[in-house]
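[1] Here's my sequence, what's the structure:
(chains A and B)
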There are 2 protein chains.
Amino acid sequence: MGRIFKERTSVDEALRLFLENISPIRKTEEIPLETCTGRVLAEAVISGRNVPHYRRAALDGYAVRASDTLGASPANPVLLQLSDRVEEGSSIWVHTGAAMPKGADAVVIVEDTATAGNIIEVRAQVYPNRNVGQVGEDIKKGDRVFEEGHLLRPCDAAVLVSLGFDRVKVFRKPVIAVIPTGDELISREKSGDVPPPGMVLESNGLMAAIYVNKWGGIPRYIGIVSDHPDSIKKAIEANLDTDMILLSGGTSVGKRDHAPQVVASLGEVLVHGIGASPGKPAALGIINDVPVVCLPGYPVAGLVALYFFVRPGIRKLAAIPKVPELILKRRLAAKISSKIGYVNFIRVIFEEDRVRPLTGARADVLSSVAKADGFVLVPENVEGYEEGEEVDVFLIE
Amino acid sequence: MGRIFKERTSVDEALRLFLENISPIRKTEEIPLETCTGRVLAEAVISGRNVPHYRRAALDGYAVRASDTLGASPANPVLLQLSDRVEEGSSIWVHTGAAMPKGADAVVIVEDTATAGNIIEVRAQVYPNRNVGQVGEDIKKGDRVFEEGHLLRPCDAAVLVSLGFDRVKVFRKPVIAVIPTGDELISREKSGDVPPPGMVLESNGLMAAIYVNKWGGIPRYIGIVSDHPDSIKKAIEANLDTDMILLSGGTSVGKRDHAPQVVASLGEVLVHGIGASPGKPAALGIINDVPVVCLPGYPVAGLVALYFFVRPGIRKLAAIPKVPELILKRRLAAKISSKIGYVNFIRVIFEEDRVRPLTGARADVLSSVAKADGFVLVPENVEGYEEGEEVDVFLIE
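    Numbering: from 1, shown residues only, chains lettered A, B, ... in the order given. The predicted model follows:
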């Protein structure tokens, strides 16, 4: 049995191989607008109507024939009759958004008028269409308002309502099976009692399921599976109807680490052994077009594999468009030493204007993640960073 | 009737006054860990147990008495008996995470051994506790693991499971009433037909409700309310059991703009007229300790008021801790002109490495938001930015 993995694939190359094997879901569903946030449009939206659909007053004031106001000024006001129709010499009160009356082609804002009984004193000249919103000025019938693949935001729901939509067609969310493996695992329904020595409460699978949900997938978090190859095989086969399978645990090279071999027996292992620290034992595979990620059992290593592979995998499945990565720049409060040949995932905490790396933060020490505010990634070919150096900090979601 | 608001409060001052009148919700609830993301801990978490709760092997290998390996090297291996107990000269196979057998105080990793039948050849010396995880080494019984007010993340759920939690006590989410006002509004259940001239589909309230949900509140989106003062009053009174009330529309200075006056009659108007463009007509008030935001009816102005006041208001109610604002730096593809005395909310689209301001993007043109990727805020005292200048870009959520 070799000390470590014979091969080690760089994170970038592993991700490339993995994503190459993932196709965005093309199945669609119609959902109510209330739930559209974060969903991806499955078809372009072409407006079937004009917005506004009528000529409207853009401000409160009097609807007039512009020609009637010729030459009006504070010193030389024009007098108009307040009426129920707009004809030569007459005018109607309109509030913002009201339909423009027939015959009117402009609005004199209330601040440029005075009233005396039924007489309106107009103190400013207006040209035709002044303070009038034209039909289709916001959106024209036939306009392409959103493209297929647009990531919906709450403000987009307002646009869709005004186009006459109450529901919207989006791509189906990916369903992600989360399979915790290991004879040492105990379900957290029994979390009230401290488990016997050698047994631990299942927590990595739960963490994976919650991240899946956060990142736009629907987790199918199944019960604990024994780490015997046959049990793992059965569990995988029972979940090949999903869009991705996450196996948690059993992915190293020990006597009980069968996950990658089982994946190989059912399909193909694309990568086993990643240039990431922690995270090295992660494996990536594909079975009947279903991508599979074997998450290391050490919790921090599992978290790294979730961030590096599961998150982009879900985003590709869900056809979520790329958005610019939001990165925080901070100076280091202490130096970071890093292992050459691995992307090092360094947990950091905020300390005033700086970030401090958590030292002694081993892959099996989950509390280091609880303490951390974010992480810094040190690339494979970098030995570390000096105190005071500015680094990119990612917040832990 | 004055042309504009007599007073105008700066955005910063308005927000300060508003937040001063908001107290974080102290009521708590217990929720399952699956749903903990984004919730705020209502009490500190003190560990009731050690993690790990037993001495464990940190790697696959043989559990030994360290003293038995004294002087072992590849050239000079020590031979041990494979056994079912660890005594002088004997050893047991252990896998990562297994309980350390009685009598053993170190693990020789499998890579430093060879086996022949029941004989283990040990090729490296180990000192006591080598490759052994101690009880409580991750988390000690009595450790303060999370403080009250901690914003929960999926990885924290894993920590809480290992401490024996299945549920967690968090602050109750704020309930936010959303009241769309206006006689011109039509419910979107009737969105299939183009409304008559002068009537429009209710969309601003829906948008507000979806943002409330996104930002951590529970929206109570009620039916359309007439813009008569009595109707608005009744709707407010019926929702004073919530944590915040949003009135959409009727907040300007026109004949039909009654929202701020109604707020004044029931409680106090803190601010009416904001130094923001668009967004000027927004009003902020307080009725029986319930904060009230009057959102302008023009959709972009409404969106600005949501971002500037409702989002921070919800975060304060929900006791969500401050996180560093993630900002994107981009150069402008065209100049921005801005109105002095107002925070200008400039909608922008990404264009390669730059952002381009949307020109002619008036407050009533909702499609400008649909087209926009983000926004740039130009401070009150700045006249604008030049083409090529670097600006802070906020993504539209």
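
[2] From the contact count, pick out the helices and strands touching the helix or strand of chain A with the lowest mean pLDDT.
    When each helix and strand of chain A is scored by mean pLDDT, DSSP states H and E, helix A:367-371 comes last, with a mean of 84. Applying 3 or more C-beta pairs under 8 Å, 6 or more residues apart in numbering or on different chains; DSSP states H and E, we find helix A:367-371 packed against helix A:299-305, strand A:343-351, strand B:144-146, helix B:154-162. Every residue, glycine included, has its C-beta placed from N, CA and C.

[3] Please list the residues of the stretch 201-350 of chain A that sit near chain B.
    Proximity of the stretch 201-350 of chain A to chain B (C-beta under 8 Å from any C-beta of the partner chain) is limited to residues A:201-204, A:206-207, A:209-211, A:213-214, A:252, A:254-256, A:297, A:299, A:303, A:323-324, A:326-328, A:350.

[4] So which of the residues you listed sit within strands?
    In strands, defined here by DSSP state E, the members of these are A:L201, A:L328, A:F350.

[5] closest to B:V365 among those residues?
    A:L328 (33.5 Å; C-beta to C-beta).

[6] who's in contact with the closest one?
    Residues near A:L328 by C-beta atoms under 8 Å, 6 or more residues apart in numbering or on different chains: A:G374, A:D392, A:V393, A:F394, A:L395, B:P324, B:L326.

[7] Look up the pLDDT of it for me, please.
    What the model reports as pLDDT for A:L328 is 89.

[8] any idea how far A:H228 is from the closest residue to A:G250 other than its chain neighbours?
    Once flanking residues are discounted, A:G250 sits nearest to A:A259: 4.2 Å by C-beta to C-beta, 6 or more residues apart in numbering or on different chains. Per C-beta to C-beta, to the nearest Å, A:A259 is found 11 Å from A:H228.

[9] Same question for A:R330.
    Look at A:R330 and A:H228: by C-beta to C-beta, they are 46 Å apart.

[10] So for those two, which residue has more residues nearby?
    Between A:R330 and A:H228, counting by other C-beta atoms under 10 Å in any protein chain shown, A:R330 is the more crowded of the two (21 against 15).

[11] Residues contacting the one helix or strand A:T115 maps to, please?
    Assigned by DSSP states H and E, A:T115 belongs to strand A:113-116. Outside strand A:113-116, the residues that touch it by C-beta under 8 Å, 6+ apart are A:G61, A:Y62, A:P77, A:L82, A:I120, A:E121, A:V122, A:R123.

[12] what lines up beside it in the sheet?
    Using DSSP bridges, the strands paired with strand A:113-116 are strand A:119-122 (antiparallel).

[13] Go ahead and confirm A:G223 touches A:R188.
    No - between A:G223 and A:R188 there is no contact under C-beta atoms under 8 Å: 11.4 Å.

[14] who has more neighbours, those two?
    For A:G223 and A:R188, the more surrounded residue by other C-beta under 10 Å is A:R188, and the numbers stand at 21 against 11.

[15] residues contacting that one?
    Here A:R188 is in contact with A:L201, A:E202, A:S203, A:L206, B:L33, B:V161, B:D166 (C-beta under 8 Å, 6+ apart).

[16] So, low pLDDT: which residues of chain A?
    Scanning chain A for pLDDT under 70 picks out the ranges A:1-6, A:253, A:360-361, A:363.

[17] Pull out the buried residues from stretch A:147-167.
    Going by neighbour count (16 or more other C-beta atoms under 10 Å in any protein chain shown), the buried part of stretch A:147-167 is A:150-166.

[18] can you give me how far that stretch is from the chain middle?
    From the chain centre to the centre of stretch A:147-167 is a distance of 16 Å (C-alpha atoms, centre = their mean, to the nearest Å).

[19] That one: end-to-end distance?
    16 Å (C-alpha to C-alpha, to the nearest Å).

[20] how about that stretch, does it get close to chain B?
    Yes - using C-beta under 8 Å from any C-beta, stretch A:147-167 comes into contact with chain B via A:R153, A:P154, A:C155, A:D156, A:A157, A:A158, A:V159, A:V161, A:S162, A:G164, A:F165, A:D166.

[21] before we move on, back to that, going through the contacts of strand A:113-116, which ones are buried?
    Among the contacts of strand A:113-116, the ones that count as buried by 16+ other C-beta under 10 Å are A:G61, A:Y62, A:P77, A:I120, A:V122, A:R123.

[22] so the third one makes contact with A:V122?
    By that I understand A:P77. Yes - assessed by C-beta under 8 Å, A:P77 is found in contact with A:V122 at 5.9 Å.

[23] show me what contacts the residue nearest to A:P154 when sequence neighbours are not counted?
    Counting by C-beta to C-beta, 6+ apart, the nearest residue to A:P154 once its immediate chain neighbours are dropped is B:I210, at 3.7 Å. Each residue near B:I210 by C-beta under 8 Å, 6+ apart is listed here: A:L33, A:E34, A:C36, A:T37, A:P154, A:A157, B:P219.

[24] Now render the residues you listed as TSV, adding secondary structure and distance to B:G279.
    Putting those into TSV (DSSP: H, G, I helix; E, B strand; the rest coil; distance: C-beta to C-beta, whole Å) gives the following:
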residue	secondary structure	distance to B:G279
A:L33	helix	24
A:E34	helix	25
A:C36	coil	24
A:T37	coil	22
A:P154	helix	17
A:A157	helix	20
B:P219	strand	21
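
[25] From one end of stretch A:248-268 to the other, what's the distance?
    From its first residue to its last, stretch A:248-268 covers 18 Å (C-alpha to C-alpha).

[26] Also stretch A:93-109?
    End-to-end distance (C-alpha to C-alpha), stretch A:93-109: 10 Å.

[27] ok, residues contacting it?
    Residues from elsewhere that reach stretch A:93-109 (C-beta under 8 Å, 6+ apart): A:54-66, A:69, A:82, A:85-87, A:91-92, A:122, A:124, A:126-132, B:3, B:184, B:197-198, B:200, B:252, B:254-256, B:297.

[28] Would you mind listing the buried residues in it?
    Of the residues in stretch A:93-109, A:93-101, A:104-109 count as buried by neighbour count, 16+ other C-beta under 10 Å.

[29] quick one: A:P229 and B:E87, what's the gap?
    Separation of A:P229 from B:E87 (C-beta to C-beta) stands at 34 Å.

[30] on that earlier part again, nearest to A:K280, of the buried residues of stretch A:93-109?
    Nearest to A:K280 among these, with distances taken as C-beta to C-beta, is A:G97, at 62.3 Å.

[31] From the contacts of strand A:113-116, pick the one nearest chain B.
    Using C-beta to the nearest C-beta, A:G61 comes nearest to chain B of the contacts of strand A:113-116, at 9.4 Å.

[32] Would you check that that closest one makes contact with A:R123?
    No - A:G61 lies out of contact with A:R123 (C-beta under 8 Å); the separation is 11.7 Å.

[33] List the residues that are in contact with both of these two.
    With C-beta under 8 Å, 6+ apart as the test, A:G61 and A:R123 both reach A:D112, A:T113.

[34] Adding distance to B:A42 as columns, could you present the contacts of A:R188 in a markdown table?
    As requested, these are exported to a markdown table (distance: C-beta to C-beta, whole Å):
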| residue | distance to B:A42 |
| --- | --- |
| A:L201 | 23 |
| A:E202 | 25 |
| A:S203 | 22 |
| A:L206 | 21 |
| B:L33 | 15 |
| B:V161 | 18 |
| B:D166 | 16 |
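
[35] Pick the one among those closest to A:Y342.
    Distance to A:Y342, by C-beta to C-beta, is smallest for A:S203 among those, at 24.7 Å.

[36] The helix or strand harbouring A:L19 packs against which elements?
    Counting by DSSP H and E, the element that carries A:L19 is helix A:11-20. Contact partners of helix A:11-20 among helices and strands, from 3+ C-beta pairs under 8 Å, 6+ apart: strand A:268-272, strand A:283-287, helix A:311-317.

[37] which residues make contact with the first one from outside it?
    Outside strand A:268-272, the residues within contact range by C-beta under 8 Å, 6+ apart are A:5, A:7, A:9, A:13-14, A:17-18, A:21, A:251, A:260, A:263, A:281-287, A:294.
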